[in-house]
Structures are given as structure tokens and as C-alpha cells.
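Engineer: Sharing a sequence plus its predicted fold:
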Amino acid sequence: MKVTLNPDAEVVKTVQEGLKRTGGYCPCRLQRTPETKCMCQEFRDQIKDPKFEGFCHCLLYYKSL
């Protein structure tokens with residue numbers, strides 16, 4: 001398993017600016033809860049799945065097999 005940043009620098013920059021603006025919470029989510037703090041619970045659960053490959057909800061991180 002390997003988790004990396006999105007190779008698209010513009011996406012990374014945009015999401016990181018959103019994270020700064022929201023205090024570290026996923027800028028794609030309306031609610032600010034512990035589950036939406038970056039790296040969000042949804043993606044942490046996804047990366048536990050050994051068969052999952054793909055981006056997190058906001059496209060900042062990518063898990064490769």
C-alpha cells in the first residue's frame with residue numbers, strides 16, 4: 001500500500017488552500033466533525049481495504065495497490 005498526493009499540482013494547491021481555510025477539515029464537506037478532519041475517516045476506512053485503489057473524496061490523496 002502506498003498513499004501519495006494527487007499528481008495534479010493544481011488540485012493539491014486548491015485542496016490545501018481549502019484545508020487552511022477550514023482549519024484542517026475537508027473543504028468538500030459541509031460538516032466539520034472529527035470524521036471530516038483531513039485525512040478523513042472515509043478515506044482511512046477505504047485504505048484499510050487491501051483491494052481499494054483510488055482517490056480520497058476531495059482528490060488530495062491517492063492510494064495505490
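Structural biologist: Received, thanks.

Engineer: for this structure, which helix is longest?
Structural biologist: Looking across the chain with DSSP state H, the single longest helix is helix 9-22.

Engineer: Now the element after it, going C-ward?
Structural biologist: Sequence order places helix 41-48 as the next helix or strand after helix 9-22, per DSSP states H and E.

Engineer: Which is the succeeding secondary structure element to that next one?
Structural biologist: Remark: after helix 41-48, the chain's next helix or strand is strand 54-55, criterion DSSP H and E.

Engineer: pLDDT (mean, whole number) over that next one?
Structural biologist: Strand 54-55 shows a mean pLDDT of 97 in the predicted model.

Engineer: name the helices or strands packed onto that strand?
Structural biologist: Contact partners of strand 54-55 among helices and strands, from 3 or more C-beta pairs under 8 Å, 6 or more residues apart in numbering; DSSP states H and E: strand 61-64. In short, each C-beta sits where N, CA and C put it, glycine included.

Engineer: helices and strands around the strand it packs on, which ones?
Structural biologist: If you count contacts as 3+ C-beta pairs under 8 Å, 6+ apart, strand 61-64 packs onto strand 2-5, helix 41-48, strand 54-55.
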